[in-house]
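J.: pasting the structure only:
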């Protein structure tokens with residue numbers, strides 16, 4: 001089991017990646033950060049497929065709001081925000 005927290009930036013804005021017994025959660029402070037991150041999804045698809053094959057859940061969200069599921073099956077809101085995620089299902 002992996003646990004921990006990484007803090008960094010995406011497009012100059014803060015992002016936190018948390019790992020716990022429920023999987024990985026990427027949390028951004030602002031919506032603009034998540035919107036900027038959409039351009040990274042296409043190159044990350046191979047890595048996302050590896051996480052999916054390993055059974056690692058992945059969620060993405062904003063501070064103070066519930067996170068949307070990306071893995072193992074992208075939620076409807078995740079697919080609406082980034083249609084390329086439909087290829088993971």
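T.: Looks like it arrived, so ask away. Model, not experiment: these values are computed from the prediction. Numbering: from 1, shown residues only.
J.: rest of the way, CA atoms for contacts and neighbours
T.: Fine.
J.: helix/strand/coil for residue 16?
T.: Residue 16 falls in the strand class when you classify it by DSSP: H, G, I helix; E, B strand; the rest coil.
J.: so it touches residue 28, yeah?
T.: Yes - at 6.5 Å, residue 16 counts as touching residue 28 under the criterion of Cα atoms under 8 Å.
J.: So the two - more neighbours on which side?
T.: Using other Cα atoms under 10 Å, the more surrounded residue of residue 16 and residue 28 is residue 28, with 22 against 17.
J.: which residues does the more buried one bridge with?
T.: Beta bridges link residue 28 to residue 15, residue 62, judged by DSSP bridges.
J.: I'd like the distance between it and residue 35.
T.: 10 Å (Cα to Cα, to the nearest Å).
J.: go on, residue 61?
T.: 11 Å.
J.: who has more neighbours, the two?
T.: residue 61 (19 against 12).
J.: Disregarding residues adjacent in the polypeptide, which is nearest to that one?
T.: residue 67 (4.0 Å; Cα to Cα, 6 or more residues apart in numbering).
J.: any idea of the mean pLDDT for stretch 73-81?
T.: The average pLDDT within stretch 73-81 is 92.
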